[in-house]
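Engineer: Structure here, sequence nowhere to be found:
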Ligand SMILES: C=C(O[C@@H]1C=C(C(=O)O)C=C[C@H]1O)C(=O)O
């Protein structure tokens with residue numbers, strides 16, 4: 001069991017590194033979007049979710065994990081983007 005947990009901990013560190021890069025893209029998006037109303041783009045959100053679902057199916061990842069994780073990730077990313085957008089404009 002300890003080997004399993006060591007493996008999980010290593011994956012989590014890797015995921016957090018990737019999230020740092022993803023968050024930097026959110027900061028870039030906040031800088032690029034001229035209007036606050038453009039921060040939440042529902043079409044793009046659905047596009048992201050459907051691409052991730054397809055990738056999950058290709059890789060045999062349970063959709064129950066992917067759907068809930070990416071719904072939360074994109075919503076948290078939008079909230080972060082709003083924070084950055086407001087901070088850089090006011
Ligand atoms: C980064 C964007 O902004 C938001 C964040 C998204 C994400 O976390 O993938 C998707 C849609 C947007 O509402 C974008 O529009 O691409």
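Structural biologist: Thanks, I have the structure now. Source: prediction; values computed, not measured.

Engineer: and the chain, which residues reach the ligand?
Structural biologist: When proximity is defined as CB under 6 Å from any ligand atom, the chain approaches the ligand at 26, 29, 40-41, 44-45, 48, 74, 77-78, 81. Yep, even glycine has a C-beta here, placed from its N, CA and C like the rest.

Engineer: so which residue of the protein comes closest to the ligand?
Structural biologist: With CB to the nearest ligand atom as the measure, residue 77 is the residue of the chain nearest to the ligand, at 3.3 Å.

Engineer: Quick check: nearest residue in space to that residue, chain neighbours excluded?
Structural biologist: Nearest residue to residue 77 in three dimensions, chain neighbours excluded: residue 26, at 5.1 Å (CB to CB, 6 or more residues apart in numbering).

Engineer: How many residues are close by residue 57?
Structural biologist: For residue 57, the neighbour count with other CB atoms under 10 Å is 11.

Engineer: I figured it was touching residue 63, is that so?
Structural biologist: Yes: Residue 57 is within contact range of residue 63, at 7.5 Å (criterion: CB atoms under 8 Å).
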